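Q: Build me a model from this:
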Amino acid sequence: MITLDLLKYLARGKSKTYCFPTSFQSYCTMKLSSGALKEISVDSKHVDKPIFQLLALKKIGANSGSNDRYRLLLSDGQHSYSAMLGTQLNSLVNNNQLQPKTIVQLDKYICNTIGDTNKKVMIVLEVSILDQPNEKIGNPQPLSSTNQQQQNQAAPAPAPAQTINKPVPKFQGGSSNKPAGNFYSNAPTTPGGTPAKAQPIASLTPYQNRWTIKARVTNKTAIRRWNNSRGEGELFSMDLVDQSGEIRATAFKEQCQKYYDLIQIGKVYLISKCGLKPANKQYTSIDNDYEMTFNHETIVQPVDEDVEEIPGMQFNFRKIDELENCAKDTILDVIGVVKSAGDCTTIMTRNSQEVAKRDVQLVDDSERIVNLTLWREQAETFDASNNPVLAIKGAKVSDFGGRSLNLSSGAVLQMNPDIPRAHQLKGWYDNVGYSKDMHSISEQRGGGGGGSANWMTIKESQNLGQGEKPDYFTMKGTIMHMKSENCLYKACPEKDCNKKLLDNGDNTYRCEKCSKTCTDFKYRLILQSYIHDCTGSVWVTSFQDTAEYLLGQNASYLGQLKEDDSDAFNRVFTEALFKSYIFKMRIKMETYNEESRLKNSCISAAPVDFKEYSRRLITEINKLAIM
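A: Numbering: from 1, shown residues only. Here you go, the predicted model:
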């Protein structure tokens, strides 16, 4: 078959005055899907994988980055028509793969009518680049909105879509077609009473008054309370997705109570009459310039039908090595394999609440490690066995120890998701990645900060802790001695209070923090251990969870042994000696009674993975050999 490039080559071999025959333009036009734009935009037909030429490309708005929007002018040789480029394809523009005159094949696209108007919008979702000639093909004429409207009025009206006309299902507890709870039972309609057509999320703008979207709920946050100068109340947010893109919606006050229990993750809904405002990118990784707000006019209707064409959660993953160049507090999506995980520990928040915390190390095929912090229930129930793949939507970048990640409010964590990238990463790790010597971007940078991979010996750590902020390091050590005296104290039994109780002497106790007297208490541990490595020894303080791990018993049982069986109590401490661990340490200069000294605290302890530890030692030896 003669190609366009071959014709150009043959032409260059002729004299300078050589001209193609008139059939050349016919050949070029045949290469395009002639008449396809009219079929799609006017006749509302679906053309499978049409081939067009890109005549022009224009960026909409003045923003820059992954949220840029581009308008395309497509040609089929006969007509030209405007379309929107899905934001997931922005990289094709940034890499100069998509340029004017390019021949493209639309592998996936949608074309929807906006509201109750005749105006249609085409959104390109997947595209293949076929060729990049230097000339315009044919003499395409614009398909104007006026032409579309006149032809639509002359043509018979298409049958209403079943996805909108289907009756509203009955909900349990209701005697009519009205859903239980506070859903609006009537579908969004046009002034004539016919159901409104759903339009793509990507086409929404604040300048539209009447629109309806059909979208799947991929995430829903817990209800949160807010309090500011304008008042107080409750809110929750949800993430919505359709074939064209995503958007976040938030319900406040009455709408929060009205819809929270009724809207379910994974379900599809028709939603209309919401407010639209510019999205605050500081709190979301959703790739949309706008976000929705529910109000008293909002209509939400569940769709009880097969809606497989509406996708599930969408990710825009960043590789771990890219995080080093991300600013603090950036919200993004990331995926990685769990290389290791620390123990679940507890910390005290600023409002004196005890919160569960666990550090997880993620790796990917960029051969970098990043520290991810899990909180509360996720930290308590996390299982790192078999090195699962974690996909996080809405992770927040922290500068704590270089670059690390936190699960931000509204973030979603999926373990071993059934997506191609997850399968590819798991295969890479199981076959190659597990044996790689990788660099952690969460290591300590200069003074201060908390890195989990900043390896030091006890002697080297003596130079830390001199600044205003504590320093963090990791070490391998062996427990030589533990103080069993005064390692337990009686604490307030309240869930969020661990204050030491004052004994009133009459079998009652006083909590100064809670300002109340009680007859019950709970035991808490503060354990002093003498830890040794090849360079020296140091006293280290361990708190509740870490202390229980090192002793192999919980505080409540130890308190009972201390009262009932002192020999068994002492045996617990004896059996815990001469065991080696990988310790994650915090060191800070503290002043007490006008005397300053370095205080070492153990954040967590883990068994020694001798294979991994030996690999690290070999790497260090090789570095010294090069020097």
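Q: Determine the longest helix present in the chain.
A: When the chain is parsed with DSSP state H, its longest helix is helix 610-626.
Q: now the strands for the stretch 501-627 of the chain?
A: Using DSSP state E, counting those that start in this stretch, the strands of the stretch 501-627 of the chain run over 502-503, 509-511, 516-518, 522-533, 536-543, 580-592, 595-606.
Q: how distant is the longest helix of the chain from the center of its chain?
A: Here the centre of helix 610-626 is set off from its chain's centre by 34 Å, with C-alpha atoms, centre = their mean, to the nearest Å.
Q: relative to strand 580-592, how tilted is it?
A: Angle, helix 610-626 to strand 580-592, by axes from the mean of the first three to the mean of the last three C-alpha atoms, to 10 degrees: 70 degrees.
Q: Identify each buried residue in helix 610-626, please.
A: Judged by neighbour count (16 or more other C-beta atoms under 10 Å), helix 610-626 contains no buried residues. Where C-beta positions appear, they are placed from N, C-alpha and C, glycine not excepted.
Q: Show me the domain layout of the protein.
A: 22-153, 196-302, 317-434, 458-626 (automatic domain parsing).
Q: end-to-end on the last one?
A: This points to domain 458-626. One end of domain 458-626 to the other measures 25 Å (C-alpha to C-alpha, to the nearest Å).
Q: any idea of the mean pLDDT for that domain?
A: If you average the pLDDT over domain 458-626, you get 88.
Q: just to revisit the earlier point, Throw the strands of the stretch 501-627 of the chain into JSON lines and include distance to I213 and mean neighbour count, thanks.
A: Putting these into JSON lines (distance: least, C-beta to C-beta, whole Å; neighbours: other C-beta atoms under 10 Å) gives the following:
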{"stretch": "strand 502-503", "distance to I213": "60", "mean neighbour count": "12"}
{"stretch": "strand 509-511", "distance to I213": "53", "mean neighbour count": "18"}
{"stretch": "strand 516-518", "distance to I213": "52", "mean neighbour count": "13"}
{"stretch": "strand 522-533", "distance to I213": "51", "mean neighbour count": "20"}
{"stretch": "strand 536-543", "distance to I213": "50", "mean neighbour count": "18"}
{"stretch": "strand 580-592", "distance to I213": "47", "mean neighbour count": "18"}
{"stretch": "strand 595-606", "distance to I213": "46", "mean neighbour count": "17"}
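Q: circling back to that earlier point, give me the contact list for the longest helix of the chain.
A: The contact list for helix 610-626, computed with C-beta atoms under 8 Å, 6 or more residues apart in numbering, reads 340, 435, 437, 455, 476, 582.
Q: Which two of these have the greatest separation?
A: The span of these, defined through C-beta to C-beta, is set by S435 and K476 at 20.3 Å.
Q: beta partners of the most centrally placed residue in the chain?
A: Computing the C-alpha centroid of the chain and ranking residues by C-alpha atoms, centre = their mean puts K393 first, at 1.3 Å. Beta bridges link K393 to D333, V412, judged by DSSP bridges.
Q: Same list, the domains of the chain, but as CSV with distance to I441 please.
A: Formatted as CSV, those follow (distance: least, C-beta to C-beta, whole Å):
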stretch, distance to I441
domain 22-153, 21
domain 196-302, 19
domain 317-434, 5
domain 458-626, 15
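Q: Could you count how many residues lie near M415?
A: By other C-beta atoms under 10 Å, 12 other residues sit near M415.
Q: what's the distance between it and V360?
A: 11 Å (C-beta to C-beta, to the nearest Å).
Q: which residues are common contacts for these two?
A: Joint contacts of M415 and V360 (C-beta under 8 Å, 6+ apart) are L390.
Q: quick one, what contacts the nearest residue to D520 once chain neighbours are set aside?
A: Once flanking residues are discounted, D520 sits nearest to P493: 4.8 Å by C-beta to C-beta, 6 or more residues apart in numbering. Listed by C-beta under 8 Å, 6+ apart, the contact set of P493 reads 518, 520-522.
Q: Show me which of those residues is closest to Y549.
A: Checking the contacts of P493 against Y549 with C-beta to C-beta, the nearest one is K522 at 18.0 Å.
Q: what pairs with the closest one across the strands?
A: As for beta bridges, K522 partners with A491 under DSSP bridges.
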